[in-house]
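Visitor: got a predicted model here, sequence first, then my questions.
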Amino acid sequence: MALDLFAELSVSDYPAALAWYEQLLGGPPVMYPNDIEAVWELAEHQYLVVEHRPDHAGHGQVTIFSEDFDERIEAITGRGVEPALRETYENGVRKVVYRDLDGNEIGFGGGPAE
């Protein structure tokens with residue numbers, strides 16, 4: 001059975017959020033289901049949705065764990081987005097957190113450095 005995951009983050013300024021997420025994720029959304037939502041495909045059947053919902057904006061948290069952690073973080077930095085937080089846990093797992101314009105947290109995690 002195939003499953004699709006849609007993680008949604010609410011934003012207050014939709015045009016500004018779209019520009020920020022394009023910079024963070026390295027490209028435009030793969031689809032616009034309606035006038036208030038934009039969808040990026042992070043991996044097969046795994047999507048990040050940005051939705052214009054000002055009353056809900058800024059309360060989201062998403063963590064994306066990837067094998068290409070170092071390359072992904074380097075690419076994001078190269079596009080001019082700086083992290084709000086960098087962590088390394090006792091077991092060596094790493095996490096870098098970015099905050100959008102509303103304060104939603106988008107974290108990227110990766111295994112211990114080699």
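Guide: Received the coordinates, thanks.
Visitor: can you tell me the distance between the two ends of stretch 30-49?
Guide: Between the opening and closing residues of stretch 30-49 there is a gap of 10 Å (C-alpha to C-alpha, to the nearest Å).
Visitor: mind listing the helices for the chain?
Guide: For the chain, helices defined by DSSP state H occupy the ranges 14-25, 69-78.
Visitor: just the strands in the protein please.
Guide: Ranges of strands in the chain, per DSSP state E, are 5-11, 31-34, 37-43, 46-52, 61-65, 85-88, 94-99, 105-110.
Visitor: for those, give me JSON lines that also has mean neighbour count, distance to Ala75 and mean pLDDT.
Guide: For glycine as for every other residue, the C-beta is placed from the backbone atoms N, C-alpha and C. Formatted as JSON lines, the strands of the chain follow (neighbours: other C-beta atoms under 10 Å; distance: least, C-beta to C-beta, whole Å; pLDDT from 0 to 100):
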{"stretch": "strand 5-11", "mean neighbour count": "17", "distance to Ala75": "20", "mean pLDDT": "95"}
{"stretch": "strand 31-34", "mean neighbour count": "11", "distance to Ala75": "22", "mean pLDDT": "97"}
{"stretch": "strand 37-43", "mean neighbour count": "16", "distance to Ala75": "14", "mean pLDDT": "96"}
{"stretch": "strand 46-52", "mean neighbour count": "19", "distance to Ala75": "16", "mean pLDDT": "96"}
{"stretch": "strand 61-65", "mean neighbour count": "13", "distance to Ala75": "13", "mean pLDDT": "94"}
{"stretch": "strand 85-88", "mean neighbour count": "11", "distance to Ala75": "16", "mean pLDDT": "96"}
{"stretch": "strand 94-99", "mean neighbour count": "17", "distance to Ala75": "12", "mean pLDDT": "97"}
{"stretch": "strand 105-110", "mean neighbour count": "19", "distance to Ala75": "11", "mean pLDDT": "95"}
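Visitor: to Arg72, which of these lies closest?
Guide: The stretch from the strands of the chain with the least distance to Arg72 (C-beta to C-beta) is strand 105-110; that distance is 5.9 Å.
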